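Q: Quick one: sequence plus predicted model below, questions after.
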Amino acid sequence: MNKTQLVEAIALDANITKIDARKAVDALIRATAQALREGERVTLTGLGTFCVQHKAARVGRNPRTGAAVKIPARNTIKFRPSAELE
């Protein structure tokens with residue numbers, strides 16, 4: 001399911017226009033992204049939890065040459081589904 005299909009499904013289920021559903025989906029995405037940028041955890045009951053996970057710098061290997069490659073530290077997004085979803 002892509003964003004357009006999600007908007008259509010929300011519009012049908014909530015009995016609202018596609019324009020209002022698109023605004024709601026866009027607002028949800030913006031609010032979630034902003035909270036994750038600030039390092040907060042986002043829990044959507046019935047769906048799951050999004051959180052920021054820090055990955056430390058490490059040394060990897062180039063699979064083609066076998067040479068060592070330094071992989072820098074970074075933050076990633078982790079999603080854990082709720083028990084209802086599993």
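A: Ah, there it is. No experiment lies behind these values; they were computed from the predicted model shown. Residues are numbered from 1 along each chain as shown.

Q: Tell me who's in contact with Val69.
A: Residues in contact with Val69 (C-beta atoms under 8 Å, 6 or more residues apart in numbering) are Val59, Gly60, Arg61, Asn62. Placement of C-beta: from N, CA and C, glycine included.

Q: can I assume the second one is in contact with Ile71?
A: Yep, that's Gly60 we're talking about. Yes - between Gly60 and Ile71 a contact is recorded at 4.9 Å, counting by C-beta atoms under 8 Å.

Q: what's Ala33 sitting at in phi/psi?
A: Backbone torsions for Ala33, taken as degrees, to the nearest 10, come to phi -60, psi -40.

Q: What's the local residue count around it?
A: When neighbours are counted by other C-beta atoms under 10 Å, Ala33 registers 13.

Q: From Asn2, how far out is it?
A: 18 Å (C-beta to C-beta, to the nearest Å).

Q: I'd like the distance between Gln34 and Glu40.
A: 9 Å.

Q: for Lys47, phi and psi?
A: Quick fix: residue 47 reads Leu, not Lys. phi -110, psi -60.

Q: Kindly reformat the contacts of Val69 as JSON lines and extend each row with secondary structure.
A: As requested, those are exported to JSON lines (DSSP: H, G, I helix; E, B strand; the rest coil):
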{"residue": "Val59", "secondary structure": "strand"}
{"residue": "Gly60", "secondary structure": "strand"}
{"residue": "Arg61", "secondary structure": "strand"}
{"residue": "Asn62", "secondary structure": "coil"}
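
Q: And the residues you listed, which is closest to Glu8?
A: Nearest to Glu8 among these: Gly60, at 41.8 Å, using C-beta to C-beta.
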